[in-house]
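>>> make a model of this:
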Amino acid sequence: MGRETLRQRERRAAHFRVRHEGLADRAPVDAATVQRCLRGLDKHNCNHFGVRACVRMELDGLHEPPSHAWCGGTRCLLPWPAVGKRTTFIAYAAWRRRDPAVKQLIVGGADPTVSEAAAEGCAPAGLRQALHSVAPRSAVYAVAQIACDACGARPGEDGGAAARCGPLLRCAPPLLRCAPCGCVCCERCLWSTFCEPPQSQSEERGEVRCGACRASLHTPGGEEAEEGAALAGHCRAASRASCAASAFKEEAEAAAEAADQEADQEGGGADLDSDGSERGGDAALRAAWCPARALQTAVPLPTVCGAGLRVLISSREGHAGAGSVVIDGAVPEPLLEKLDALFASLPLAPRYKCTQGLNDRAYFCDAEGWGVPIVGTPIAHMRFLLYAEAGGGLPPHVDLSRTDATGRTSTHTFILYLSGCAEGGETVLLESLSLGKGSVRAAVTPVRGRLLLFPHACPHLARPVVAEGLPKLLLRGEMY
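Numbering: from 1, shown residues only. This is a model prediction of the structure:
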């Protein structure tokens with residue numbers, strides 16, 4: 001075993017001081033550092049919240065969010081969910097869906113219950129231990145749920161929250177209204193359900209539930225109450241096709257609001273001088289995409305005769321790929337032919353990374369709504385992948401999420417196969433990133449018109465294409 005480096009020793013010492021909070025020497029954060037940290041969160045940069053930095057910072061201070069977040073509470077791209085006008089680092093990161101930063105702040109000892117209504121926090125006993133004992137994604141998901149799914153109750157709407165929360169008692173502001181059930185209860189009671197062991201087989205450890213009726217808070221950003229039951233827990237997923245209409249309606253309304261904003265920039269807030277060719281079109285084309293979504297109408301996805309759905313990983317399993325499915329015949333042949341013609345008209349982008357896997361890529365910004373018949377919404381970053389050389393594949397990896405113009409963060413990857421492979425080229429969903437015995441959960445053979453859907457966090461790989469399977473062509477994108 002090699003000698004421990006200075007950086008490793010400092011990290012180990014910082015973790016020890018966090019676990020023993022009395023040893024952490026935290027200092028107030030000056031205004032310049034606050035703005036630098038918040039701007040970093042806006043730009044997906046969480047380097048300011050490493051454990052060595054967190055142990056020296058006062059993480060639970062209340063700060064004014066950037067002007068583009070609050071917007072005077074009137075014309076904002078996303079509704080401000082926090083209680084009050086000031087927020088903490090972890091609440092702002094959760095609202096912006098910066099999950100890596102939320103994870104680092106939890107590790108650094110941030111208190112997710114601090115707000116203007118509870119400046120000292122309202123954490124129940126054992127919350128810190130519970131956040132560190134569950135899987136990191138469960139802790140991050142719980143913080144995001146309360147930040148995004150529970151809004152501050154208006155004055156006079158408490159509805160006897162202290163009595164409705166029942167045996168949890170010790171209820172205190174802030175009072176929150178749970179999105180799926182509409183009950184008003186205190187934040188302490190919500191976090192108490194997270195710390196409690198499951199009370200029935202339908203509940204999971206580390207799950208946030210309403211303190212009054214124990215309804216599960218559903219996926220951050222969801223609308224309908226019935227989604228709460230379908231999407232309960234961090235590892236459960238429902239078919240996005242079933243709620244594509246409501247999700248698309250929400251995106252269209254947000255895009256229309258963005259188009260109406262009194263901004264200095266043209267084209268719905270896009271920088272027309274930037275070079276966006278590597279993402280599929282220039283900035284002017286991407287600017288046209290936002291208003292184009294507002295013109296669409298939210299309609300259910302069309303039914304295709306002969307389409308069949310096969311579940312690869314059950315939504316009830318505690319796996320990162322829970323809810324992965326394959327749909328055969330989901331896209332009609334005329335649309336596949338149009339996609340073939342579209343790909344033929346696009347230039348191939350240069351290969352920037354050696355890890356690209358011997359494939360060529362073409363990018364297209366979906367300003368005309370090509371993706372609506374496929375996944376119910378335009379595809380902002382449409383990517384064609386062409387494997388024209390034998391041996392082309394991808395090693396085990398997980399996909400990154402994207403954030404659209406309205407602030408929504410993608411959750412699932414879709415792959416539409418535009419060609420079939422006689423041999424090789426399978427997309428393999430894995431148990432873990434380490435390839436070992438029993439690691440393969442499902443192998444999907446490329447078939448023209450086959451649609452594969454799986455969560456970003458699901459480990460997967462692309463098996464090398466052999467000569468008999470060339471060429472392999474697919475369309476890839478994200479779902480929200």
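
>>> what ranges do the strands span in the protein?
150-152, 175-178, 184-186, 308-311, 325-328, 360-364, 382-387, 394-397, 412-417, 427-430, 440-444, 451-455, 460-462, 472-479 (DSSP state E).

>>> wait, Ala330 sits on Gly449?
Yes - counting by C-beta atoms under 8 Å, Ala330 touches Gly449, with 6.8 Å between them. Any C-beta I mention is one placed from the backbone N, CA and C, and that applies to glycine too.

>>> ok, back up a step: point out the most buried one among the strands of the chain.
Ranked by mean neighbour count, the strands of the chain are led by strand 184-186 with a mean of 26 (mean count of other C-beta atoms under 10 Å).

>>> quick one: strands adjacent to that strand?
If you go by DSSP bridges, strand 184-186 pairs up with strand 175-178 (antiparallel).

>>> OK, contacts around the closest residue to Ala101 other than its chain neighbours?
Here the nearest residue to Ala101 in space, its sequence neighbours aside, is Cys46; by C-beta to C-beta, 6 or more residues apart in numbering that works out to 3.7 Å. By C-beta atoms under 8 Å, 6 or more residues apart in numbering, the contact list for Cys46 reads 40, 93, 98, 100-101, 104.

>>> rerun at 7 Å
40, 98, 100-101, 104 (C-beta atoms under 7 Å, 6 or more residues apart in numbering).

>>> now, those residues that are in helices?
Counted as lying in helices by DSSP state H, out of the contacts of Cys46, are 40, 100-101, 104.

>>> out of these, who's nearest Gly425?
Among those, Pro100 lies closest to Gly425 (C-beta to C-beta), at 31.6 Å.

>>> measure the nearest residue to that closest one once chain neighbours are set aside to Ala322 for me?
The shortest distance from Pro100 to any non-neighbouring residue, by C-beta to C-beta, 6+ apart, is to Cys46 (5.0 Å). From Cys46 over to Ala322 the distance is 26 Å, taken as C-beta to C-beta, to the nearest Å.

>>> Leu131: how many residues sit nearby?
For Leu131, the count of nearby residues is 25 (other C-beta atoms under 10 Å).

>>> actually, Lys85.
So Lys85, with other C-beta under 10 Å, has 13 neighbours.

>>> do the same with Pro124
19.

>>> just to revisit the earlier point, in TSV: the ones in helices among the contacts of Cys46, plus pLDDT and distance to His381.
Listed next are these as TSV, based on pLDDT from 0 to 100; distance: C-beta to C-beta, whole Å:
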residue	pLDDT	distance to His381
Gly40	87	23
Pro100	88	20
Ala101	89	22
Gln104	87	26
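
>>> report the buried members of those residues.
40, 101, 104 (16 or more other C-beta atoms under 10 Å).

>>> out of those, the closest to Met382 would be?
Closest to Met382, out of all of these and judged by C-beta to C-beta, is Ala101, at 28.3 Å.

>>> ok, that closest one - contacts?
41, 46, 49, 93.

>>> pLDDT check: weakest of those residues?
Within the contacts of Ala101, the minimum per-residue pLDDT falls on Cys46 (80).

>>> per the annotation, how does the protein divide into domains?
If you go by automatic domain parsing, the domain ranges for the chain are 6-232, 247-479.

>>> quick one: average confidence on the longest one?
Taken as a whole, domain 247-479 has a mean pLDDT of 74.

>>> separation between Asp404 and Thr411?
12 Å.

>>> common neighbours of these two, please.
By C-beta under 7 Å, 6+ apart, the residues touching both Asp404 and Thr411 are Tyr480.
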